[in-house]
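>>> Compute the structure for the input listed below.
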Amino acid sequence: MEESIDIVQATGRRKRAIARVKLSLGQGVITVNDKPVDEYFPRPQLLQIVRQPLEATHSLSRFDVWVKAEGGGVTGQAGAVRHGIARALLAIDESLKETLRKNGFLTRDPREKESKKYGRKRARKRFQYSKR
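Predicted coordinates for the structure are as follows:
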């Protein structure tokens, strides 16, 4: 473990959400957009998603996490924060790669909304066809 690093930065993405994550040694305080994590992500499932990489690497109370999340919705942002935290942990300690990879925290979820096409209602939906 490389303790000399003050702050490690990483970017996490999911759908249209982007999370800029800063990780530093501390007591385990997670702040998202200048709010406590449980205030920003009120649903317990989202809190669980955000904490997953830290729990998997047994470093929940070792690091303070500061996040700037933007774009998308709260679920996408939670996934982006998880991705960013996993990347930051990897930058700190390369030996955590196998654990993070095995749990799927390093894989960016590539699914995004398909853009609307002209002459259509949405990306693929057509207008109703009238024979007469």
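>>> now the helices for this structure?
Ranges of helices in the chain, per DSSP state H, are 37-40, 44-56, 74-92, 97-102.
>>> Determine which of those helices approaches residue 127 most closely.
Closest to residue 127 of those is helix 74-92 (CB to CB; 29.6 Å). Yep, even glycine has a C-beta here, placed from its N, CA and C like the rest.
>>> sorry, back to before: among the helices of the chain, which comes closest to residue 110?
Here helix 74-92 is closest among the helices of the chain (CB to CB), at 11.6 Å.
>>> Could you tell me how many residues sit around residue 91?
15 (other CB atoms under 10 Å).
>>> Now do the contacts for the closest residue to it other than its chain neighbours.
Sequence neighbours aside, residue 8 is the residue nearest to residue 91 in space, at 4.8 Å (criterion: CB to CB, 6 or more residues apart in numbering). By CB atoms under 8 Å, 6 or more residues apart in numbering, residue 8 lies in contact with 22, 23, 24, 88, 91, 92.
>>> Surely the last one touches residue 23?
Right, the one you point to is residue 92. Yes - using CB atoms under 8 Å, residue 92 is in contact with residue 23, at 6.7 Å.
>>> Settle it for me: which of those two has more neighbours?
Legend: neighbour count by other CB under 10 Å for residue 92 and residue 23, higher for residue 23 (25 against 21).
>>> All set, thanks.
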